[in-house]
Structure formats: structure tokens, C-alpha cells
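below are the sequence and a predicted model for it; my questions follow.
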Amino acid sequence: MTDREMDITIKLRNETTVQEFILEGFPAVQHLGNVLFLVHLLAYLGSVMGNMLIITITWADHRLQTPMYILLSSFSFCEFGFITTVIPKLLVIFLLGRQTIPFADCLTQAYSFLLLGATIFFLMAAMSLDRYLAICKPLHYPTMMNLRVCFLLVFFCYVLSFIVITGLVVTVSQLSFCGPNVIPHFFCDIGSLIHLSCSDTRSAEMLAFGLISFILFSSLVVTIIAYSNVIVTIMRLPSAKERQKAFSTCSSHLIVLSLMYGSCVFIYVKPNQRDRLDSNKEAALVNTVVTPLLNPVIYTLRNKQVHQALRDALSRVKLHK
């Protein structure tokens, strides 16, 4: 190939490089945009308020500065960031119909979504481990799960997520995108981006499948082992009332775990990304709207210690007035 032909090829490639993507959203119900905007806005605000309340009350009340609540506040912080990477853009789509997103913003959204999502799953595994130690090893709990160990667990969750997700997104960013540019989703899903690439995507697809499977199943295995031991310990409790109360709490946790793991396995754990592009919007909505709204209620706001801390905080506010 001559220098002139190479220049022409490079010029044509640059001209056809995708500069922005179009998020398809939910075209079948776009005529209900105002209603959907209001519903999702209320869900988003409810989730934000619930998670921010958890974070604030945990760090404002010294009685809640224990490993369990520090893990919960870290979990809430990640949930806040997780939904904030997706829902505001979805609200813009519903209200204004603005579906375009620049290439760099799309990659940033995909990276933030995966990074925070992975951290959430690792934190869930850490929370399960904390509950296992508290219920099954109560005498050793103060030494095995102190604040130093707790902060190291949180740090490890972030670092591991950063390593895993950064490698995946860097790989996807090096693919060529020369059209089409319509993402059949309401956010920049990594699988949809891989599907739109005009490069050979087999290695990127297998990398995404492998890394996301590792995130989901490694955290799931820890969670299953921890809760299996918790359930066995609960079954040995002498009082039927104690067993019923403990199982009630576990069942609530397991509902959220089932929603999160079920929706994510349904979305991501398929070797061929093309198999799932038309079927994961509803599951993703559960993962990004419904579950983050339920989590503050199920994990913390039903807790008597949090209720007491809230009452004390309100009492102090009234006294200052």
C-alpha cells in the first residue's frame, strides 16, 4: 500500500469513527415519558435519601461505628454512586428525549457502573462474612473483626474492583467503533459496546464473561458459605421465637441477594454478548432502580439500633432549636 493510500485509509477510518452513541431507552413506552420520569425520579430520590441517611447516622453516632455498620455505610456509598451513574441520564431521556451520549462519557459511565457494581458485590460478601463471624463465632468476633480488619476489607473490595474493571474497560476502549452507534439499552452497557465494535471482539467478549463471572461467583460463593453456616447455627437456637426472628432477618437479606445476583447473572453471564441484548433491560431496571430502593429499608432502616440513633439525633436537633 502506497503512502497516499494509507493516508486515505486513515482519513476514512477517522471520518467513520463513532463520536457519540445513541441510547435506545424504552421506545415502546416513550410516550409515557413524563409519568416514567416522575416514577423513576421518586425512586431515585428515595434511594439517595435512604443511603445518605445510613451514611450520616453511622458516622454521627459513635454507637454505630462498628464493623457491621461501617460495611453498611460503605455499601450505601457505593449504591449511591452506582445509581447516580445511570438514573440521571435515564431521567433526561424520559423527560427531554435526549438520547445521545459522547463516546468518552459513555466509556466513563460504563466504567463507573461496573466499578461500583463490582465493589457492591465484594462488600456484600464482606458483610456476609461479618454476619458469619458475629453469629457463628461470637467469642472470637471482637478480635477477628475489629475496625482495622473492617477498613482493610473495605479497601480490598475497592482495590480488587479497580484492578478487575480497569483492565476490562481499557480493553474495550481499544476496540474500533465505526458504526452503527445505537446502544439497545438505557445506559452504556459494556456488552452492548462490545457488540457495536467493528473489531474482532471474541477476546473482549471472553474477557468480559470471565471477569464478570469471577466477580459474581466469587462473592456468591463466600455469601452462600457464610449464610449456610449462619442458618445451621440459627437452627440450633433453643428458642423457637429466636429462630423465627433470626430467619425473618435472613430471609429479608436473601431476597435482596436473590434480586441482585439473579438480575446480574441473567444480564452478564452469557459467553456471547449478542444473546442478551434484547432481554436485559427489565433485569437491569431491577438492578439499578428497585433493589437500591429496597436495600436501605431491608439492610438498615428496619434495624432497632438505627431507629434509636435516629430518635436520639432528632431529639438533639429539637433541643438545639
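Now that the structure is in, tell me what you want to look at.

quick one: the spatially most central residue of the chain from Thr201, how far?
Nearest to the geometric centre of the chain sits Gly117, at 3.0 Å (Cα atoms, centre = their mean). Using Cβ to Cβ, to the nearest Å, Gly117 is found at 21 Å from Thr201. In this view, the C-beta of every residue, glycine as well, is placed from N, C-alpha and C.

just checking, next helix/strand downstream of the helix or strand hosting the residue nearest to the centre of the chain?
Gly117 is part of helix 103-136, with elements assigned from DSSP states H and E. The helix or strand immediately downstream of helix 103-136 is helix 141-144, counting by DSSP H and E.

which strands or helices does that next one pack on?
If contacts are counted by 3 or more Cβ pairs under 8 Å, 6 or more residues apart in numbering; DSSP states H and E, helix 141-144 sits against helix 103-136.

okay, now the unreliable bits of the stretch 201-321 of the chain?
245-253, 263, 265-280, 299-305, 307, 313-314, 316-321 (pLDDT under 70).

repeat the analysis, applying 80 as the threshold.
Low-confidence segments of the stretch 201-321 of the chain (pLDDT under 80): 237-287, 294-321.

who's in contact with the residue nearest to the centre of the chain?
82, 264 (Cβ atoms under 8 Å, 6 or more residues apart in numbering).

any idea how far Leu71 is from it?
From Gly117 over to Leu71 (counting by Cβ to Cβ), the distance is 17 Å.

what does Leu129 give?
9 Å.

find residues that contact each of those two.
Leu153.

and the two? Which one has more around it.
Leu71 (26 against 19; other Cβ atoms under 10 Å).

number of nearby residues for the residue nearest to that one when sequence neighbours are not counted?
Of all residues not flanking Leu71 in the chain, Met127 sits nearest, at 4.9 Å (Cβ to Cβ, 6 or more residues apart in numbering). Other residues near Met127 number 21, with proximity taken as other Cβ under 10 Å.

please tell me how far Met127 sits from Met52.
From Met127 to Met52 the distance is 19 Å (Cβ to Cβ).
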